[in-house]
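> Here is a sequence with its predicted model. Questions after.
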Amino acid sequence: MKELDHKVAVITGAGSGIGRALSVDLARRGSLLAISDVDDDGLAETVELVKAAGAREVRSDHLDVADRAAFAAYASSTAEHFGRVNLVVNNAGVALAGNLEDLEYPDMDWIMGINFWGVVHGTKEFLPHLIASGDGHLVNISSLFGLISMPGQSMYNAAKYAVRGMSEAVREEMLVAGHPVGVTVVHPGGIKTAIARNARYSAVEDGAQTAKFFDEKLAKMTPERAAEIIVKGIRTNKARVLVGIDAHAVHTLAKVTGSRYQDIVARTHRKVMPPGTSAV
């Protein structure tokens, strides 16, 4: 997919952050947009932004990506509305911080429902439409934490590693079958979004301090710049897109050190992170 003009693009989690920035970027490139979120107010703001950016057409829907039946209905209605779907970006995501022994099952179910099953739903429900388009592309957002694991992020790691593994297998399946669908997995590092402020935390995690540390120390790149990098990856059909110097650095660390990176991360965490916090 070298050109995005007149292509129908579906973006989940479009009410803020990377999802909003991608929506605006694609609007400027002439894409027809189907955007969704559970944050109705944020989504309405994105609609106004993409219209100001010159969107040819925009459809917005309230969608909980963890709701399988709702996602199935959404995929069908979106394909019927536009007549085709060319690009799907499974972007919606949340964070949960805290050591595994301190986490509660409802919170663990919540993050897996959105960060893993939400991506599975978006992939499975839209894949037939992407194949039928004759020029399709699937983008699944993993994370820096889909490349290496971090203390206090066990369930986030689990979801993002799963997204990576599932997506890479789907890409191989498309290649084996000869289907005209590219698949890109995106691994963003620290992006200036509200993910840490909107996260859930264990009872013993200092959520306010964790969010403050993320906003001040870790979130270095704007969503707009992240969107540019992701779109470039789509247009060049890259299998893996690393977003940010931090993502490139940890990817290199894991390749060079193998499993020994875990010891390095643990030592660094003890020295750098404030007590009772995790790197989100």
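Arrived safely. Residues are numbered from 1 along each chain as shown.
> what about the closest residue to Ala44 other than its chain neighbours, helix or strand, and which?
Using CB to CB, 6 or more residues apart in numbering and skipping residues adjacent in sequence, the residue nearest Ala44 is Ser60, 7.4 Å away. No exception for glycine: its C-beta is placed from N, CA and C like everyone else's. Using DSSP states H and E, Ser60 falls within strand 57-62.
> Can you list the helices and strands that that strand packs against?
strand 32-37, helix 40-52, helix 68-82 (3 or more CB pairs under 8 Å, 6 or more residues apart in numbering; DSSP states H and E).
> and that strand, average pLDDT?
Mean pLDDT, computed over strand 57-62, is 98.
> Can I get that strand as PDB, trimmed to CA atoms?
The C-alpha coordinates for strand 57-62 follow below in PDB (Å, rounded to 0.1, in the frame of the first residue of the first chain):
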ATOM      1  CA  GLU A  57     -15.200  11.200   4.900                       C
ATOM      2  CA  VAL A  58     -15.200  10.200   8.500                       C
ATOM      3  CA  ARG A  59     -17.400   7.800  10.400                       C
ATOM      4  CA  SER A  60     -17.100   7.600  14.200                       C
ATOM      5  CA  ASP A  61     -18.400   4.900  16.500                       C
ATOM      6  CA  HIS A  62     -18.400   4.100  20.200                       C
END
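> need the helices and strands packed on strand 57-62 in TSV with mean neighbour count and mean pLDDT, can you?
Formatted as TSV, those follow (neighbours: other CB atoms under 10 Å; pLDDT from 0 to 100):
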stretch	mean neighbour count	mean pLDDT
strand 32-37	27	98
helix 40-52	16	98
helix 68-82	17	98
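> For the ones you listed, give me TSV that also has distance to Gly146.
Shown next, in TSV, are those (distance: least, CB to CB, whole Å):
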stretch	distance to Gly146
strand 32-37	22
helix 40-52	25
helix 68-82	21
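> shaky segments in the chain?
Along the chain, no part satisfies pLDDT under 70.
> Helices of that one, residue ranges please.
With DSSP state H as the criterion, the chain has helices at 17-28, 40-52, 68-82, 105-111, 118-133, 154-177, 207-213, 223-235, 245-257, 261-272.
> Give the other helices and strands that the second one contacts.
Where contact means 3+ CB pairs under 8 Å, 6+ apart, helix 40-52 is packed against helix 17-28, strand 32-37, strand 57-62.
> partners of the last one in the sheet?
So the one you mean is strand 57-62. strand 32-37 (parallel) (DSSP bridges).
> The partner strand vs helix 68-82, what angle?
Angle between the axes of strand 32-37 and helix 68-82 is 160 degrees (criterion: axes from the mean of the first three to the mean of the last three CA atoms, to 10 degrees).
> between the strand ranked longest in the chain and helix 17-28, how many degrees?
The strand that spans the most residues within the chain, counting by DSSP state E, is strand 181-188. In terms of direction (the same axes, to 10 degrees), strand 181-188 departs from helix 17-28 by 130 degrees.
> Tell me which residues are up against strand 181-188.
If you take CB atoms under 8 Å, 6 or more residues apart in numbering as the criterion, strand 181-188 is touched by 1, 18, 127, 130-131, 136-144, 146-147, 163-164, 167-168, 170-171, 174, 221, 226, 230, 233-234, 237-244, 247, 251.
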